[in-house]
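Colleague: Let's see this in three dimensions:
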Amino acid sequence: MLVMMMGFSESEARLGLRACQGDIQRAVAHIVQRREVRGHDQDLYLELDKRSLTDYVKLMKLISCYITNLIKLEVIKNVFGLRDLTAGYNVEIYHSISLL
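Modeller: Numbering: from 1, shown residues only. Model prediction:
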């Protein structure tokens, strides 16, 4: 097949020629356009994967900070025997812990 001699795979040539009713020039244009669209789609998927990974890393860092602060709070509560850090005179301690 002439389309395959231009460097296209057999399946691309067959599908392109079928889509363009055997017109070789239109089939080649069709195949090239589909490749460009597919390449663009793959680029978008890769970009989305990168964004998703970046968002995931940010979320994990945030969760890690939150858990670290909870652990610090529990340790300080246990050391000082405090029940409610926001009650009365413990407000200053609570504020100090939040600055850690």
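Colleague: Please count neighbours and contacts with C-alpha atoms only from this point.
Modeller: Fine.
Colleague: for the protein, which spans come out with low pLDDT?
Modeller: For the chain, applying pLDDT under 70 flags the ranges 1, 40, 44, 81-100.
Colleague: for the longest helix anywhere in the chain, packing partners?
Modeller: Longest helix in the chain, counting residues (DSSP state H): helix 24-80. The elements that helix 24-80 packs onto, with contact taken as 3 or more C-alpha pairs under 8 Å, 6 or more residues apart in numbering; DSSP states H and E, are helix 2-5, helix 10-19, helix 91-99.
Colleague: what angle sits between it and helix 10-19?
Modeller: 120 degrees (axes from the mean of the first three to the mean of the last three C-alpha atoms, to 10 degrees).
Colleague: And G7, how close does it get to N78?
Modeller: Distance of G7 to N78, computed by C-alpha to C-alpha, to the nearest Å: 73 Å.
Colleague: burial of K72, as a residue count?
Modeller: Neighbour count of K72, defined by other C-alpha atoms under 10 Å: 15.
Colleague: no, scratch that, I was asking about L53
Modeller: 12.
Colleague: for L17, same thing?
Modeller: 20.
Colleague: Could you find the closest non-adjacent residue to it?
Modeller: A27 (5.1 Å; C-alpha to C-alpha, 6 or more residues apart in numbering).
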